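[1] What follows is a predicted protein model with its sequence.
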Amino acid sequence: MAKFLTNKEENYSQWYNDLVIKADLAENSAVRGCMIIKPYGYAIWEKIQAELDRLFKATGHVNAYFPLFIPKSFFSKEAAHVAGFAKECAVVTHYRLKNDENGNGIVVDPTAKLEEELIIRPTSETIIWHSYKNWIHSYRDLPILINQWANVVRWEMRTRLFLRTTEFLWQEGHTAHATREEAVEETEKMINVYASFAENSMALPVIKGYKSENERFAGAIDTYAIEALMQDGKALQAGTSHFLGQNFAKAFDVQFTDKTGKLDYVWATSWGVSTRLMGAIIMGHGDNNGLVLPPKLAPIQVVIIPIYKNTEQLSVLSETANKIKADLEAKGISVKYDDRDNNKPGWKFADYELKGVPVRLAIGPRDLENKTIEVARRDTLTKETIPIDKINEFIPKLLDDIQTNIYNKALNFRKENTFFVNTWADFLKTLDNPGGFIMAHWDGTIETEEKIKEESKATIRCIPFDSPDEEGKCIYSGKPSKRRVLFARSY
RNA sequence: CGGGGUGUGGCGCAGUUGGUAGCGUACUACGUUCGGGACGUAGGGGCCGGAAGUUCGAGUCUUCUCACCCCGACCA
């Protein structure tokens, strides 16, 4: 079979880029670092959104929308937060253009300078907490459980489609609570929502854990994260949930009267996932034939391709094909019948494989005669012929099967690429070959973590919630450690 | 910001010692094909990233500039 993609074994990052472009998910735009998400890619994002939105609402959250612009002064209120984001903010300084007097086209009108510059949000904590100050007076106003679907801008030095773009789409939850316990519980609840979404919908196993102090969100007391392992042995942070303590409440002076009449600062959380999840799906499941989409997030779950010699034959086939399509759709399955005449079946087969469509049905005169249909699954690339009258019960099971299979495949891959390492030499060796997740002891200090990062390019991805107590020695400093933490090179 | 690379029809590329731009693919029409990226015939489409210079003549040489991509440091 002809090669349309770079082999991922040859050049993983080239494979990734090729795949994003050729599967028609996204492309680079005229603006540096910003991508155009194309309809097929956006359709996947919409599926992600729909399911997450359902999960957020099921856990009591509501959606709202806050402005894209944040007054500069808001930013300076929380010190750690400023430090974390200041160097990657886009700033609006003027509000008008004019024609250049020297005929150089359109220029910024210098007289239209803003009194106070506006920051294009890199995240919305500040503008949201500014509002919360007005909304919260009593414990009766709490909790506030708000989510926002939005775009944000972070002026990154180097970008990659979906994984790190200057502008990206995400959702950010911002909650306010009366007690520390409740906020911590919310933080945990949401990391669990993310983890179950990753595992159930994206078919990607993730490790839940605490971020080290170094890797924590700017302004958070504690950051929980889910980490997924990509097929090249690098980790991808797929979602974070932050316990913000009273930091933002204090910065924005948000106090409330509790049941006993005492004044206290509000407790906060924030949590988010982004279009980076698209990258996780691509890198987590894709193969050398293209994308492999989990059925639960595939915009097209089943594609039907007719094989015919002339229009009469096509119209006979279409009758059966449309019947199958209607029946499957009645079961809530999204089906595309591709009867376009401009490409041959073989071309379509390859194209839908590239696009990761989980199930392909091919129907031709031979099938019609035998009352059968050819069923091909994307995950295993295997084909079988089954009777048409069985298709209705067969396909839903098959989709479930594929969902489970690719999850198990990813889980096995992670198991095979998770290593328990006890010496620095082994640590370095394992990172280079084969890579993967490394469970190792760490003395708990920032200095050691930074040294490790400097010398190995690996970071502590998280301190897994379920990492058992175990006496050991720090892989780098040799100092005592009480549990292993998760190291990896990451995206 | 450092290192590497690339700018030529929509996309992917070629273009020799300077001589007035070509190939693949895609596109349009017609015909034959159609069970794993079909074929034939005909056709349309490019001031060669930009500016200045050398020259009778520049895609090609010189200088300047802009943009993008890849690899690092930063990050979801």
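    Happy to help now that I have it. Numbering: from 1, shown residues only, chains lettered A, B, ... in the order given.

[2] which parts of the stretch 101-250 of chain A sit against RNA strand B?
    Within the stretch 101-250 of chain A, the residues that sit near RNA strand B (C-beta under 7 Å from any atom of the strand) are A:154, A:156-161, A:163-166, A:168, A:170, A:217, A:237-240. Glycine gets a C-beta too; all of them are placed from N, C-alpha and C.

[3] which among those residues end up buried?
    Buried members of these, counted by 16 or more other C-beta atoms under 10 Å: A:154, A:159-161, A:163-166, A:168, A:170, A:217, A:237-240.

[4] show me where pLDDT drops low in chain A?
    Across chain A, residues meeting the criterion (pLDDT under 70) sit at A:1-3, A:102-105.

[5] circling back to that earlier point, of the residues of the stretch 101-250 of chain A next to RNA strand B, which belong to strands?
    Among these, the residues falling in strands (DSSP state E) are A:Phe168, A:Trp170, A:Gln237, A:Ala238, A:Gly239, A:Thr240.

[6] Please give the three-state secondary structure assignment for the closest residue to RNA strand B within the stretch 201-350 of chain A.
    Across the stretch 201-350 of chain A, the shortest distance to RNA strand B (C-beta to the nearest atom of the strand) belongs to A:Gly346, at 2.7 Å. Classification of A:Gly346 by DSSP: H, G, I helix; E, B strand; the rest coil places it in helix.

[7] go on, A:Arg483?
    Under three-state DSSP, A:Arg483 falls in the strand class.

[8] Show the contacting residues for it.
    With contacts taken as C-beta atoms under 8 Å, 6 or more residues apart in numbering, A:Arg483 has the following neighbours: A:His441, A:Ile463, A:Ser467, A:Pro468, A:Asp469, A:Glu470, A:Gly472.

[9] Any idea what it is bridged to?
    When assigned by DSSP bridges, A:Arg483 has beta-bridge partners A:Asp469.

[10] Can you give me the distance of it to RNA strand B?
    23 Å (C-beta to the nearest atom of the strand, to the nearest Å).

[11] What separation is there between the residue sitting nearest the centre point of chain A and A:Ala238?
    Geometric centre of chain A, nearest residue: A:Leu277, 1.7 Å, by C-alpha atoms, centre = their mean. Plainly put, A:Leu277 is 6 Å away from A:Ala238 if you go by C-beta to C-beta, to the nearest Å.

[12] who touches both of these two?
    By C-beta under 8 Å, 6+ apart, the residues touching both A:Leu277 and A:Ala238 are A:Ala198.

[13] how about the residues of the stretch 251-400 of chain A near RNA strand B?
    Within the stretch 251-400 of chain A, the residues that sit near RNA strand B (C-beta under 7 Å from any atom of the strand) are A:272, A:274-276, A:289, A:307-310, A:341-351, A:353-354, A:360, A:362-368, A:374, A:376, A:381, A:383.

[14] Would you write a PyMOL line that selects the buried entries of the residues you listed?
    Paste this into PyMOL to select the buried members of those, with burial taken from 16+ other C-beta under 10 Å:
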select buried, chain A and resi 272+274+275+276+289+307+308+348+349+350+351+353+354+360+362+363+364+367+368+374+376
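
[15] So which of the residues of the stretch 251-400 of chain A next to RNA strand B belong to helices?
    If you go by DSSP state H, those have A:276, A:345-351, A:353-354, A:365-368 in helices.

[16] A:Ser456 against A:Thr430, yeah?
    No. Taking contact to mean C-beta atoms under 8 Å, the distance of 9.9 Å between A:Ser456 and A:Thr430 leaves them out of contact.

[17] Comparing these two, which residue is more hemmed in?
    Set side by side, A:Ser456 and A:Thr430 give different neighbour counts by other C-beta atoms under 10 Å, the larger being at A:Thr430 (22 against 19).

[18] Would you mind pointing out the helix or strand A:Met278 falls in?
    Per DSSP states H and E, A:Met278 falls inside helix A:276-285.
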